[in-house]
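**Q** Here is a sequence together with a model predicted from it:
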Amino acid sequence: MDCTTCGTALVAGALFCPNCGSRAPAPSSSGTPTIGLPPTYGEPAPPLSQPYDGPPPIGQPVAPQWVAPSSAPYGVAGPPNSTAAVVSLIFGILSWVFLPVIGPIVAVVAGHMARAEIRRSNGQVGGGGMAMAGLVLGYLQIALLALAICAIVAIGFLSLVGSRAAP
């Protein structure tokens, strides 16, 4: 089966083209196996495993082609998570434990970068929940730092005013 947009050859059950990223055409019922796609009524279920075809030919680019979750071992498999989303979540957690000043800044910047990357990828990159969690943790830590700084300044100001008022 070939991509209808750019003509790149696709593996059986691929949902997206590795070259242009467009959605792969629906498989035909002309005797071609539909490995990885959910069965419809009246069709037998696809086999549970598929033999290994070997490495791709030399010189042919290797790109991930995501197949339907039903063909993945051990349950659901999806696109890989954004690295920036993982960094955002890790620094969001670390900002509450070890890095109260620099951690939330990294978490917020990486979280926004991850969400932009995920939006641009058209479903090829996951991790939106991790990016959002990192953003929330980072912004909450920044808000707490701002409140703590305001409290310190207010206490210092009040103690300075109180010491000058007493004769």
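**A** Received, thanks. Numbering: from 1, shown residues only.

**Q** Please point out which parts of the helix or strand of the chain with the lowest mean pLDDT sit buried.
**A** The least trusted helix or strand in the chain, going by mean pLDDT, DSSP states H and E, turns out to be helix 128-165, with a mean of 92. For helix 128-165, burial by neighbour count (16 or more other C-beta atoms under 10 Å) applies to 130-138, 141-142. C-betas here are computed from N, CA, C, even on glycine.

**Q** Packing partners of it?
**A** On a contact count with 3 or more C-beta pairs under 8 Å, 6 or more residues apart in numbering; DSSP states H and E, helix 128-165 meets helix 83-97, helix 102-120.

**Q** Domain ranges for the protein, per the record?
**A** 1-74, 83-165 (automatic domain parsing).

**Q** Which one of the helices and strands packed on helix 128-165 lies nearest to residue 17?
**A** Among those, helix 102-120 comes nearest to residue 17, with 16.2 Å by C-beta to C-beta.

**Q** other SSEs contacting that closest one?
**A** helix 83-97, helix 128-165.

**Q** then stretch 125-140 to CSV, C-alphas only?
**A** The C-alpha trace of stretch 125-140 is given here as CSV (Å, rounded to 0.1, in the frame of the first residue of the first chain):
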residue,chain,number,x,y,z
VAL,A,125,4.1,13.0,19.2
GLY,A,126,2.3,12.5,22.5
GLY,A,127,2.8,13.7,26.1
GLY,A,128,0.3,16.5,26.3
GLY,A,129,-0.7,15.5,29.9
MET,A,130,2.9,15.5,31.1
ALA,A,131,3.4,18.9,29.5
MET,A,132,0.3,20.3,31.2
ALA,A,133,1.3,18.8,34.6
GLY,A,134,4.7,20.4,34.3
LEU,A,135,3.2,23.7,33.5
VAL,A,136,0.8,23.6,36.4
LEU,A,137,3.5,22.6,38.9
GLY,A,138,5.9,25.3,37.5
TYR,A,139,3.3,28.1,37.6
LEU,A,140,2.1,27.1,41.1
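
**Q** Can you lay out the helices and strands packed on helix 102-120 as a markdown table showing distance to residue 24?
**A** Below are the helices and strands packed on helix 102-120 laid out as a markdown table (distance: least, C-beta to C-beta, whole Å):
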| stretch | distance to residue 24 |
| --- | --- |
| helix 83-97 | 25 |
| helix 128-165 | 23 |
